[in-house]
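Q: Give me the fold of what follows.
(chains A, B, C and D)
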Protein chains: 2
Amino acid sequence: MKSDPKPRRDLSTQIAHAIRDAIVEGRMIVDERLPSEAELADRFGVSRPTVREALKRLAAQSLIRTERGAFGGAFVNRLSYDETHGQQITTATLLLSMNAVSFATACEARYALEGACITLAAARRDDEHLATMRAEIARQSDPTLSDEGFCASDVAFHRALVDAAQNPVLSYQLAGAVEAMQPLMNMITFTARSRGAIIDLHTRIADAIGARDATIATAALEELAAYTLKLGKGVAAARARG
Amino acid sequence: MKSDPKPRRDLSTQIAHAIRDAIVEGRMIVDERLPSEAELADRFGVSRPTVREALKRLAAQSLIRTERGAFGGAFVNRLSYDETHGQQITTATLLLSMNAVSFATACEARYALEGACITLAAARRDDEHLATMRAEIARQSDPTLSDEGFCASDVAFHRALVDAAQNPVLSYQLAGAVEAMQPLMNMITFTARSRGAIIDLHTRIADAIGARDATIATAALEELAAYTLKLGKGVAAARARG
DNA sequence: TGCGCATAAATTGTCAGACATTTAAATGTA
DNA sequence: TACATTTAAATGTCTGACAATTTATGCGCA
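A: Coordinates of the predicted model:
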């Protein structure tokens, strides 16, 4: 049997884990100040650079923040949705691009997740969410809009749809999934005709959400999912031929 | 006007960002070796410890890995679902605990997301997934099982349910959401009676998935969501009374 | 007394150089 | 050829120092 998988890690990793555990287990609370680098070095029996490497690891995960000067130091950070959002998207994007996730798989996941909150969105949407959705539809209708701009607007539209569910946990989880998929969606160069079809479906979704009709909204979303998948297959087939 | 919000960051952050961008934008590909620390220090015009701090930041995000010895160094890491899984859960867990997310909100998000994949799970499940679900139900039926053990088994059951959809992107997104919620679920001390009700619903779900009946499975899941929410409210009310 | 400014102290940020450790290639030998 | 040894390259770690930044302290002065 393998005795212990741990001790082969370098010191800075071990120290980072020790501090991380203290935070996760609640032994250190938000905004509490960690000991100074010199004291941490003393306590762990290592040098200051080693401690610093550990602290940088934690900072990279937004678990701590550092302030300079007297009474400065490292503080336990309050994780916010906004702060973790960027990391979440970076990770999800790389995960997709590095693992050759097929367009079909990504598409399926995306629309399944959106379907999870469209019922809630229909029930709870604010006028503001609706206005955002309609504004994005208007942008998408501009024929001079670039493909990248169209995709970005598409993401914004779906983001508004997700936010309309008024559940921050859902928004957080879905934002990563939807936005990470944008590079994949960009592979589909939208023709004028397919843009029109997508805008039509977006409009039906927005209308249904506006009327608080979850059934129609869900149906339109499913149609959009099927259509997007078909577009993706078309592009893949064209590539295979050419 | 604020001239530039960037340059106030320390050197190791700047360097980490520069390298991260190179990876994200595809200028460095998976398994490509970065220059040695000494050479990076030369190129960026900083000292080796500063470069090392930057590399540790990237390592904390699993963007690179380092190997010792001759021909060792830092390599662009292929992000895998497994590797990012732990980070995802840590982040999501802290996000929930540090932002006072209500049990109701978390619960709603969790079951909404699970509902997103239960239809797929019913259509695609393997015998293996079904076996895992039934095994967890058996564990849950053991009256000597601790509350923590029951919650862990509950998570494993739902994990199997999610995996049954056979979509790695969905599994990745949902694993974080479901597992992050375990500490919140632990707040509910399950009585023998509520355990029985939960096991009954789990059994109905497993049976429906086994029969590939998405409608019944969805209905049972919704019932479970409502029941869990009720339990949570009961605990909250009991606390409020004192 | 009360105000303002210089000073000190604490802490992180950065640097330079050194040594230890690990790993694989190169070399030498039977 | 096969195996042991040496060597080189790289990361891991330590020591000590100095720079930059921020707050508190204390002093002088009105």
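Q: Report the spatially nearest residue to the residue nearest in space to the middle of chain A, omitting neighbours in sequence.
A: The central residue of chain A, meaning the one whose C-alpha is nearest the mean C-alpha position (CA atoms, centre = their mean), is A:G176 at 1.5 Å. Closest residue to A:G176 in three dimensions, ignoring its sequence neighbours and counting by CB to CB, 6 or more residues apart in numbering or on different chains: A:Q88, at 3.9 Å. (Glycine included, C-beta is placed from N, CA and C.)
Q: for the strand or helix carrying the one you found, packing partners?
A: Taking DSSP states H and E as the definition, A:Q88 sits inside helix A:81-98. Helices and strands touching helix A:81-98, as assessed by 3 or more CB pairs under 8 Å, 6 or more residues apart in numbering or on different chains; DSSP states H and E, comprise helix A:168-180, helix A:182-186, helix B:11-24, helix B:81-98, helix B:168-180.
Q: List the buried residues of it.
A: For helix A:81-98, burial by neighbour count (16 or more other CB atoms under 10 Å in any protein chain shown) applies to A:84, A:87-98.
Q: Please list the outside residues in contact with it.
A: Where contact means CB atoms under 8 Å, 6 or more residues apart in numbering or on different chains, the residues beyond helix A:81-98 that reach it are A:61-62, A:77, A:101, A:106, A:168, A:171-172, A:175-177, A:179-181, A:183-184, B:20, B:23-24, B:26, B:30, B:61-63, B:78-81, B:84, B:87-88, B:91, B:95, B:99, B:169, B:172-173.
Q: So among those, which ones count as buried?
A: A:61-62, A:77, A:101, A:106, A:168, A:171-172, A:175-177, A:179-181, A:184, B:20, B:23, B:61-63, B:79, B:84, B:87-88, B:91, B:95, B:169, B:172-173.
Q: Report the entries of those residues that also contact DNA strand D.
A: When CB under 7 Å from any atom of the strand is applied, no member of the buried ones among the contacts of helix A:81-98 is adjacent to DNA strand D.
Q: Identify the residues contacting A:A226.
A: Applying CB under 8 Å, 6+ apart, we find A:A226 in contact with no residue.
Q: For it, what are phi and psi?
A: The phi and psi values for A:A226, taken as degrees, to the nearest 10, are phi -60, psi -40.
Q: hmm, which helix or strand of chain A has the shakiest average pLDDT?
A: For chain A, using mean pLDDT, DSSP states H and E, the weakest element among its helices and strands is helix A:182-186, scoring a mean of 79.
Q: right, and the helices and strands packed on helix A:81-98 - which one's nearest DNA strand C?
A: Comparing these against DNA strand C with CB to the nearest atom of the strand, the closest turns out to be helix B:11-24 (3.2 Å).
Q: list the buried ones in the closest one?
A: For helix B:11-24, the neighbour count (16+ other CB under 10 Å) marks B:S12, B:T13, B:Q14, B:I15, B:A16, B:I19, B:R20, B:I23 as buried.
Q: Now flag whichever of those is closest to chain A.
A: Within the set of those, B:S12 lies nearest chain A; the separation is 6.4 Å, counting by CB to the nearest CB.
Q: Tell me the pLDDT of the closest one.
A: At B:S12 the predicted local confidence, pLDDT, stands at 97.
Q: do the same with A:R159
A: 92.
Q: Does anything pack onto the helix or strand harbouring it? Which helices or strands?
A: Remark: A:R159 resides in helix A:147-163, with elements defined by DSSP H and E. For helix A:147-163, the contact count by 3+ CB pairs under 8 Å, 6+ apart identifies helix A:103-124, helix A:127-140, helix A:168-180, helix A:182-186, helix A:192-210 as packing neighbours.
Q: For it, buried residues please.
A: Using 16+ other CB under 10 Å, the residues of helix A:147-163 that count as buried are A:150-163.
Q: Let's have those in TSV, adding distance to A:I188.
A: Converted to TSV, the buried residues of helix A:147-163 look like this (distance: CB to CB, whole Å):
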residue	distance to A:I188
A:F150	10
A:C151	8
A:A152	14
A:S153	14
A:D154	10
A:V155	13
A:A156	17
A:F157	16
A:H158	15
A:R159	19
A:A160	21
A:L161	19
A:V162	21
A:D163	24
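Q: Closest one to chain B out of those, please.
A: The closest of those, once distances to chain B are taken by CB to the nearest CB, is A:V162, at 10.8 Å.
Q: tally of neighbours for the closest residue to that closest one other than its chain neighbours?
A: Beyond its immediate neighbours in the sequence, the residue positioned closest to A:V162 (CB to CB, 6+ apart) is A:L174, lying 4.6 Å away. Number of residues near A:L174 (other CB atoms under 10 Å in any protein chain shown) recorded here: 28.
Q: Around DNA strand D, which positions in chain A sit nearby?
A: Counting by CB under 7 Å from any atom of the strand, the residues of chain A lying close to DNA strand D are A:10-12, A:45-50, A:53, A:67-72.
Q: These, buried ones only, as a PyMOL selection?
A: Here the buried members of the residues of chain A next to DNA strand D are turned into a PyMOL selection, burial being counted by 16+ other CB under 10 Å:
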select buried, chain A and resi 12+46+50+53
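Q: so which of the residues of chain A next to DNA strand D are also by chain B?
A: Judged by CB under 8 Å from any CB of the partner chain, the overlap between the residues of chain A next to DNA strand D and the neighbourhood of chain B comprises A:S12, A:P49, A:E53.
Q: what's near enough to touch the last one?
A: The reference is to A:E53. With CB under 8 Å, 6+ apart as the criterion, the residues that contact A:E53 are A:S12, A:A16, B:R52, B:E53, B:K56.
Q: What pLDDT does the model give the nearest residue in space to A:L184 that is not next to it in sequence?
A: Of all residues not flanking A:L184 in the chain, A:A106 sits nearest, at 5.4 Å (CB to CB, 6+ apart). For A:A106, the pLDDT comes out at 89.
Q: ok, now A:L170?
A: The per-residue pLDDT reported for A:L170 equals 90.
Q: you'd agree it is up against B:Y111?
A: No. Taking contact to mean CB atoms under 8 Å, the distance of 10.6 Å between A:L170 and B:Y111 leaves them out of contact.
Q: neighbour-wise, which of these two wins?
A: Here A:L170 and B:Y111 are set side by side on neighbour count (other CB under 10 Å), and the busier one is A:L170, at 25 against 21.
Q: Could you check how far the closest residue in space to that one that isn't next to it in sequence is from DNA strand C?
A: Nearest residue to A:L170 in three dimensions, chain neighbours excluded: B:A109, at 4.5 Å (CB to CB, 6+ apart). For B:A109, the distance to DNA strand C under the criterion CB to the nearest atom of the strand, to the nearest Å works out to 35 Å.
Q: ok, so what distance separates B:A109 from B:L95?
A: B:A109 sits 12 Å away from B:L95, taking CB to CB, to the nearest Å as the criterion.
Q: what sits against A:L224?
A: Counting by CB under 8 Å, 6+ apart, A:L224 has contacts A:Y111, A:I198, A:L201, A:H202, A:I205.
Q: could you give the angle of the helix or strand hosting it to helix A:103-124?
A: Counting by DSSP H and E, the element that carries A:L224 is helix A:214-241. Regarding helix A:214-241 and helix A:103-124, their directions subtend 160 degrees when assessed with axes from the mean of the first three to the mean of the last three CA atoms, to 10 degrees.
Q: Appreciated, that's everything.
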